[in-house]
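Undergrad: Predicted model and sequence follow; I will ask about them next.
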Amino acid sequence: MNWQVLTDWQRLLQWPGPDTEMVIWLTQVFAVVFCTVTVNFILMRVIDVIDHFSRKTQNLWDDALLEAARIPVRLMVWVAGLSVAAEMLQAVSESEIFEYVGEARRIAFIAIIAYFLTRLVTNIENNLVDARRMRKPMDKTTASAIGKLLRISVIITSLLIILQSLGYSISGVLAFGGVGGVAVAFAAKDLLANFFGGMMVYLDKPFRVGDWIRSPDRAIEGTVEHIGWRLTRIRTFDQRPLYVPNSLFTTVVLENPSRMFNRRINEKIGIRYDDWRKMPDIVAEVRQMLIDHEEIETDSRTLIVNFDTYADSYIEFFIYTFTKTTDWVRYHEIKQDVLMRIMNIVHDRGAQFAFPTRTLHMHTAPNYEGEGAPGPEQPPEAREPDGKPARNRRDCKQGWKGEQSEETGDDDGD
């Protein structure tokens, strides 16, 4: 290999051809790759400096843009440098593989742009739902639905552009999709039902990620973890994952306790019948206790404390009120405190709680044996001529056969 030709700078700057010496085009290819690595390194340092200053600003969109462009820019530089090197090799080689360099470069650029746009959409979605960055963060369910639609649109558009760049007719592809869409719709009707069910969840927003939901119609209860296009993942209270098809949400009744304004306390309490005179004072004091309670909502919610009914072994009054909190654990703590205060009120009034009781009245007959008076008149006992008690022949006849043969003999002797 003649290394002295490298001193001729004009030949190094010329585009290589079939007659170019190997040392020349190898040096040119190495120079292109080296420049690619250098530009990539310098560009990354520049992006880091810009990102450092952009984080000090209040604008969130420049952060999302830089973070989305970090990897695609590096890929762009590498694709450009390697494609130039491949074209140099194509000029000095007769291999047919280098004929597809131009098409591969176009497809790579389109894919990189699509990758950049999808990353940008994802970063914007994360910023919109981040409470630390937004004063009024967007609902996660809505942001996720819009983000998925935009990403799907970018992917479909990029695929159509790639097909167009490869020489395929997009109009023919769309026409085929229109005709084949009918067959696909019939074949995948359940999949489409789940898709549109997911769309209704995103649009109507009966629940969102993090909500506690339950259905009286089905055995569905838990916390929503993920809302997909086909399935919704719910974590039950015993920590089991529950996967529900989205089409089910269009036909069942769904309850969302996470959107409650208050939680209700509805209890019935019974005291003894002997304490009926104390009932008005107990009811009045319980009502005042609930009004004064700092965790009970009485301004905008119904409060009822009244004597309710006569039961079998007690008289009953009930309380109907609402707590200010909707937290499940805190609600039970407040309910316990209310019930304990009611017990103290009943005790302080000298009354007692009732429990099931039964009173039994017994009447005994008078005893005449020690008074010399005859008892109740009874018929005289029938006796046989020999003094023995007479037998009831009808009973003897209807007895068992063994009894007849033992006591009365056979039928002929009788």
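TA: Here it is on my side, so go on.
Undergrad: Stretch 271-286: end-to-end distance?
TA: Using CA to CA, to the nearest Å, the end-to-end distance of stretch 271-286 comes to 14 Å.
Undergrad: Do you have the strands of this protein handy? List them.
TA: 212-215, 220-227, 231-235, 241-245, 263-271, 296-297, 304-310, 315-323 (DSSP state E).
Undergrad: quick one: which of those strands is nearest Ser144?
TA: Nearest to Ser144, of all these, is strand 220-227, at 6.8 Å by CB to CB. Glycine gets a C-beta too; all of them are placed from N, C-alpha and C.
Undergrad: now the closest one: how far from the chain's centre is it?
TA: The chain centre lies 1 Å from the centre of strand 220-227; the measure is CA atoms, centre = their mean, to the nearest Å.
Undergrad: in that strand, what's buried?
TA: 220-224, 227 (16 or more other CB atoms under 10 Å).
Undergrad: which helices and strands sit right next to it?
TA: helix 189-204, strand 212-215, strand 231-235, strand 241-245 (3 or more CB pairs under 8 Å, 6 or more residues apart in numbering; DSSP states H and E).
Undergrad: do that again at 7 Å, thanks
TA: strand 212-215, strand 231-235, strand 241-245 (3 or more CB pairs under 7 Å, 6 or more residues apart in numbering; DSSP states H and E).
Undergrad: Just put the ones you listed in TSV and tack on distance to Ala80 and mean pLDDT.
TA: Listed next are these as TSV, based on distance: least, CB to CB, whole Å; pLDDT from 0 to 100:
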stretch	distance to Ala80	mean pLDDT
strand 212-215	51	88
strand 231-235	42	89
strand 241-245	45	89
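Undergrad: Quick one: closest of these to Asp51.
TA: The nearest among the helices and strands packed on strand 220-227, by CB to CB, is strand 231-235 at 34.6 Å.
Undergrad: Mind putting the buried residues of strand 220-227 into a markdown table with distance to Leu150?
TA: Listed next are the buried residues of strand 220-227 as a markdown table, based on distance: CB to CB, whole Å:
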| residue | distance to Leu150 |
| --- | --- |
| Ile220 | 30 |
| Glu221 | 33 |
| Gly222 | 30 |
| Thr223 | 27 |
| Val224 | 22 |
| Ile227 | 17 |
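Undergrad: Of the residues you listed, just say which sits nearest to Ser313.
TA: Of those, the one sitting nearest to Ser313 (CB to CB) turns out to be Glu221, at 36.9 Å.
Undergrad: Touching, the closest one and Asp211? I think so.
TA: No - under the criterion of CB atoms under 7 Å, Glu221 makes no contact with Asp211, lying 11.6 Å away.
Undergrad: So which of the helices and strands packed on strand 220-227 is nearest Tyr115?
TA: strand 231-235 (26.5 Å).
Undergrad: Within its sheet, name the partner strands of that closest one and how each one runs.
TA: Paired strands of strand 231-235, with direction, are strand 220-227 (antiparallel), strand 241-245 (antiparallel) (DSSP bridges).
Undergrad: So which of those strands is nearest Asp204?
TA: Among these, the nearest to Asp204 by CB to CB is strand 220-227 (12.1 Å).
Undergrad: what residues does the closest one touch?
TA: With CB atoms under 7 Å, 6 or more residues apart in numbering as the test, strand 220-227 has contacts from 141, 144, 198, 201, 207-214, 232-237, 242, 244.
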